[in-house]
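S.K.: give the three-dimensional model of this entry:
(chains A and B)
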Amino acid sequence: MKTIKTIKLLSLGLLATLVFSACSDDDDAPQVINEEEVITTLNLKLTPEGGGETIDFIYRDLDADGSNPEIISPALSANTTYTGRVQFLNELENPAEDITIEVLEEAEEHQVFYIVEDSLDATPTYTGALDNDGNPIGVEFSLAIGEASQGNFTVILIHEGDKNVPGASEGDLSPEVGGETDIEVTFDVTVE
Amino acid sequence: MYQKSILLYLFIFFSFVIQAQDCELAISGKVIDIHDNSPLFGAVVQLVGLNKGVYTDEYGLYKIEGICEGEVQLKVSHPSCEPKTKSIYLKENRQIHFKLEHHLEELNEVLLKGKLYNNESNSSISNQIKTQKLEKFSNASLGDALKSISGVSSLNTGNSIVKPIIQGLHSSRVLVINDNVRLHDQQWGVDHAPNVDINSAANITVIKGASALKYGGDAIGGTIVIEPQKAPIKDTVMGKTILNGSSNGRGGSISTSLIKAKSSGFNYRFQGSLKRLGDLRAPDYQLTNTGQRENNISLGIGLNKIDYGIDFSYRLTNSEIGILRASHIGNARDLVNSINRQEPFFIEDFSYTIDSPQQEVTHQIYKLETFKKLKNLGELSLQYSFQQNNRLEFDIRRGGRGDTPAMDMELKTHTLLTQLEWTSLEGFDSNFGLEFNAQNNFANPNTGVRRLIPDYNMYTAGIFATTAYKVSEGWDLDAGVRYDFNTIDADKFYITSRWENLGYDQLFPEFEIGEDGNQILTNPQFDYHNISATVGASYTFKNDFKLIGNLSSASRAPNPSELFSDGLHHSISSIELGDLQLNSEQSFKAGVGFQGVVEKFGFNIQPYINYIEDFIVLEPNGIETTIRGAFPVYEYRQTNARLYGIDVSANYSFDNLEFSSNFAYVNGRDVEQNEALIHMPPFNVSNTITYSKKEWNNFYISLNSQLVTQQNAFPDNNFRTDIVNTTTGEFEEVEVDVSSTPEAYHLLNFSSGLDFDFDKTKLSINVMINNVLNTNYRDYLNRLRFYADEVGTNAMLQLKLNY
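M.R.: As a prediction, this is how the structure comes out:
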């Protein structure tokens, strides 16, 4: 009698095994994931004030992992002031997704900083609309170029930094600003 | 506990001297429960040293015949009672009755099988934490409780994600066995805490080494065996509720369990717990976004007869854990700023809200097990378990994607385990077993973030045999061997340029399936063969001292993270790359345990040495500059490693005072590169003084001092990178110090409590204050040590009700 019970119990166990095994996942090929938040491209459009041809600085990394970036850094003209606008794109999407729109929508959480090496005679100034707290966003700016020189021009997009830290609204990126870096790209710029 | 009972057993054994001539005598009697005078069924009555023993029947009666005249010692034990011994000089047939004291807390001693002596880990170097101590950690985590064992530390991510480290090793090198089911809960991740509700555990054994082969052959570090409360075979209802409140985090937990058992062997069990904590606080600031929520439940139903049984159980753990907001950073420049800042960037007022970054993990285990005792053979058992692990990790994301997890993984594991315990050969206790495992990992593509771990199927088959042999009085030998076959079949998208940069297009062209945009779909398939073995001996001296020696070799196949990992980790701002060319690790460990009691002084000394071939280490290897800035790239390397160390615990008591002391030292080196291994626990000492007085409602007051020294042996993983100076705009080469270890620290912890006995219930009140002096400190083994101090003072009140 007991043996029969045991056999029943054991077979119940085996049955459960089969039932559970039967509902495991099917083995289809996985779906490709294209990073949604990836920023592949940074465009810096500089237009000379009072007219002239727009100059495009481009950093493009379609793999988004730093292996093969394409960097275009044309020369700037001395003693010229440029109207500048930065654009962030995800070119893995078709058509390319303009991330700048997102940055502007979440303006209070974002700020673009332009860091100019001392050896480069250039002065960036924020222009364009302020965010709701009255702080600059930094997408639009002007760049006053002085004498012929050469040096690094670094564009940094900070997310959730403290935009009220003294100096931040003038574009000084001190460690107190904190937050996290979403974009950091450096161009080697020559002024002729 | 079982070690203790063996000690007791052997002690009694030695004090017994044979003087027998007439061997026709008999002893009979009745064993009853002292509380309600009900007969105890299934109690074991043994003649110590004579290999004679019987079970009591359902009326609590027993009879042992064929005993020689002389001094005999009787030992009575029952799963739910304290064992009792009695010595008599036997000249004629005697009737001896026993009244046993019920011991609710120790109910666990009985396994489902009704097995009374746990012989399978005879020469294991192990330590155990029992219910009473575990209850103090009711509001904390498994890892926190385990740290009270000498030689066990933890690798933390913040304060809520606590991974146990056994003698210097953790994660995939430590097996966690919960109620005889090996946890498969993405345990490879250093920030993935084991999915175990500490309130569901009645006792936890830590086996330091690979000697518990039945649980797996890859325990390079060790095995943690968690046993829940088991139901006794008698008519009873047992319940327990614990309420905790804590000042730090301004929350608490409630845990309750109920077991209903019948003398027919039928039982059902319920256990559940809830935990709610808000942001924790370091002495000087709030640790923003460190709240946690837990919901756990376990249910069981079973029929447990002496010679057969069946049991079903279900367990669910669900936890939401906030991760320190300030630990989510961008590139290497942010990391340098965070390290220099000395305090977190994001400090906000206290809140119960859990925002990104956070983890939400649900783990479910279904288990069906059955056993049958077979005449002249032993016991056959069969167990099937199904586990499902759902892990969601939420990150700080742009464009309103914060509510979409950045990682969404579902791991399903089916395990079939069959075992035969063969006891019919005199003196031997042998186990033979087969284990089959089918595992499927599915990474949800809707995250919009490339998979850290790809979809894969993994199948394993293991076969093992172990035996324990009693050579003579005092001498025990045991040995075991296990073979595991492991095959993994993954579907993974690599960024094509990464695939080529790693040289995989040359090494593994056969894995390539097709391209999709800038990604390539590959189908890596690998087989691993792993052999593990153990041999050990133990000797018990006449003065009760016990010496154990154990040699074990474990073999571990690389885990999915080591093989496939591919992506950016925001908490340490690094890119981590797996390596398809990794082999299995093989460890060779020798451990010794020496323990004993001299009057009121007890000690346990456990030295060990562990040599590991093809040890897998993760270390920085170059810098990658992306559109987000510069990141160190961490890659895996295989080397030979050597760890040695010693774990010591001692206690001394006189009158109402007890002193106890633990210390542990471990030294780990990469012998190929002659440098220290990362994350080796620093030398630590814990001393406790307790005053207790039974007459005053079991009053106790206890002060604990914990000293953790600075770890001076660490690998230099610092990396140099050019970081733009945001004032001058120039690039400056900066050494990013991710290696230096925090200073030594000393903590004081206080606890006190009282018990009140009512008619059928018992109430215990405990007060605990951790970090009494509100000391500021950082811990080397906390991965978030770059960003914030550890928690400050935490005062806790605990009410426990047994009924």
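S.K.: now do the phi/psi pair for A:Asp131.
M.R.: Note on A:Asp131: backbone dihedrals following degrees, to the nearest 10 are phi -80, psi -180.
S.K.: looks like it contacts A:Val112 (just checking).
M.R.: No: counting by Cβ atoms under 8 Å, A:Asp131 sits too far from A:Val112 to count as a contact (11.9 Å). The C-beta positions use only the backbone N, C-alpha and C, and glycine is treated the same way.
S.K.: now do the shared contacts for the two.
M.R.: Listed as contacting both A:Asp131 and A:Val112 by Cβ atoms under 8 Å, 6 or more residues apart in numbering or on different chains are A:Ile137.
S.K.: for those two, indicate the residue with more neighbours.
M.R.: Taking neighbours as other Cβ atoms under 10 Å in any protein chain shown, A:Asp131 and A:Val112 compare with A:Val112 leading, 25 against 17.
S.K.: for the closest residue to that one other than its chain neighbours, what are its contacts?
M.R.: Distances taken as Cβ to Cβ, 6 or more residues apart in numbering or on different chains put A:Gly138 closest to A:Val112, at 3.3 Å, once the chain neighbours are dropped. Residues near A:Gly138 by Cβ under 8 Å, 6+ apart: A:Val86, A:His110, A:Gln111, A:Val112, A:Phe113, A:Tyr114, A:Tyr126, A:Gly128, A:Gly171.
S.K.: distance to B:Ile64, pLDDT and secondary structure added to the residues you listed, as CSV?
M.R.: Formatted as CSV, those follow (distance: Cβ to Cβ, whole Å; pLDDT from 0 to 100; DSSP: H, G, I helix; E, B strand; the rest coil):
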residue, distance to B:Ile64, pLDDT, secondary structure
A:Val86, 92, 95, strand
A:His110, 84, 94, strand
A:Gln111, 86, 96, strand
A:Val112, 89, 96, strand
A:Phe113, 88, 96, strand
A:Tyr114, 93, 96, strand
A:Tyr126, 95, 96, strand
A:Gly128, 96, 88, coil
A:Gly171, 93, 92, coil
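S.K.: and which of those residues is nearest B:Ser538?
M.R.: The shortest approach to B:Ser538 among the contacts of A:Gly138 belongs to A:His110, at 65.9 Å (Cβ to Cβ).
S.K.: can you tell me how far the spatially closest residue to B:Asn725 that is not a sequence neighbour sits from B:Arg628?
M.R.: Spatial nearest neighbour of B:Asn725, chain neighbours left out: B:Glu732 (5.2 Å); criterion: Cβ to Cβ, 6+ apart. Going from B:Glu732 to B:Arg628 by Cβ to Cβ, to the nearest Å gives 19 Å.
S.K.: which of the two has more neighbours?
M.R.: Taking other Cβ under 10 Å, B:Glu732 and B:Arg628 do not tie; B:Arg628 has more neighbours (25 against 10).
S.K.: check that one and give its pLDDT.
M.R.: With respect to pLDDT, B:Arg628 scores 87.
S.K.: that one contacts B:Asn331, doesn't it?
M.R.: Yes: applying Cβ under 8 Å, one finds B:Arg628 in contact with B:Asn331, separated by 5.4 Å.
S.K.: overlap in contacts, these two.
M.R.: Shared between the contact lists of B:Arg628 and B:Asn331 (criterion: Cβ under 8 Å, 6+ apart) are residues A:Thr181, A:Glu184.
S.K.: and B:Phe371, that one's in a strand?
M.R.: Yes: counting by DSSP: H, G, I helix; E, B strand; the rest coil, B:Phe371 falls inside a strand.
S.K.: how close does it sit to chain A?
M.R.: Distance of B:Phe371 to chain A, given as Cβ to the nearest Cβ, to the nearest Å: 9 Å.
S.K.: also B:Phe714?
M.R.: Using Cβ to the nearest Cβ, we find B:Phe714 at a distance of 26 Å from chain A.
S.K.: go ahead and confirm that residue touches B:Pro682.
M.R.: No: if you go by Cβ under 8 Å, B:Phe714 and B:Pro682 don't touch, sitting 9.4 Å apart.
S.K.: what is in contact with those two at once?
M.R.: Counting by Cβ under 8 Å, 6+ apart, the residues touching both B:Phe714 and B:Pro682 are B:Thr741, B:Tyr780.
S.K.: so between the two, which is more surrounded?
M.R.: Of the pair B:Phe714 and B:Pro682, B:Pro682 is the one with more neighbours under other Cβ under 10 Å, namely 22 against 19.
S.K.: contact partners for that one?
M.R.: Contacts of B:Pro682 (Cβ under 8 Å, 6+ apart): B:Val708, B:Thr709, B:Gln710, B:Gln711, B:Thr741, B:Ala744, B:Tyr780.
S.K.: which secondary element of chain A has the worst mean pLDDT?
M.R.: Among the helices and strands of chain A, helix A:2-22 carries the lowest confidence by mean pLDDT, DSSP states H and E, at a mean of 51.
S.K.: residue 140 - nearest residue in space that isn't next to it in sequence?
M.R.: I'll assume chain A. Take A:Glu140 and drop its neighbours on the chain: the residue closest to it by Cβ to Cβ, 6+ apart is A:Gly128, 3.0 Å away.
S.K.: my bad, the chain I had in mind was chain B
M.R.: Per Cβ to Cβ, 6+ apart, closest to B:Ala140 is B:Ile198, 6.9 Å.
S.K.: and the closest residue to B:Ala676 other than its chain neighbours, backbone torsions?
M.R.: Leaving out its chain neighbours, the residue that sits closest to B:Ala676 by Cβ to Cβ, 6+ apart is B:Ala713, at 3.9 Å. Per-residue torsions, B:Ala713: phi -100, psi 100 (degrees, to the nearest 10).
S.K.: shouldn't B:Ala713 be in contact with B:Met680?
M.R.: Yes: using Cβ under 8 Å, B:Ala713 is in contact with B:Met680, at 6.4 Å.
S.K.: quick one on the thing from earlier: for burial, what's the neighbour tally of the residue nearest to A:Glu140?
M.R.: With neighbours defined by other Cβ under 10 Å, the count for A:Gly128 comes to 15.
S.K.: flag the shaky bits of chain B, pLDDT-wise.
M.R.: Regions of chain B meeting the criterion pLDDT under 70 cover residues B:1-22, B:34-37, B:80, B:82, B:101-121, B:571.
S.K.: what helix or strand is the residue most central in space within it located in?
M.R.: By Cα atoms, centre = their mean, chain B has its centre lying nearest to B:Ile224, at 3.5 Å. Assessed by DSSP states H and E, B:Ile224 sits inside strand B:222-227.
S.K.: in its sheet, what does that strand sit against?
M.R.: Paired strands of strand B:222-227, with direction, are strand B:174-178 (parallel), strand B:203-207 (antiparallel) (DSSP bridges).
S.K.: can you list contacts of that strand?
M.R.: When contacts are defined by Cβ under 8 Å, 6+ apart, strand B:222-227 is touched by residues B:108, B:111, B:142, B:146, B:164, B:166-167, B:169, B:174-179, B:194, B:196, B:200-210, B:212, B:215-216.
S.K.: 7 Å instead?
M.R.: Residues from elsewhere that reach strand B:222-227 (Cβ atoms under 7 Å, 6 or more residues apart in numbering or on different chains): B:108, B:146, B:164, B:166-167, B:174-179, B:196, B:201-209, B:212, B:215.
S.K.: who does the following helix or strand past it pair up with?
M.R.: Moving toward the C-terminus from strand B:222-227, the next helix or strand (DSSP H and E) is strand B:236-246. According to DSSP bridges, strand B:236-246 forms sheet pairs with strand B:251-261 (antiparallel), strand B:794-802 (antiparallel).
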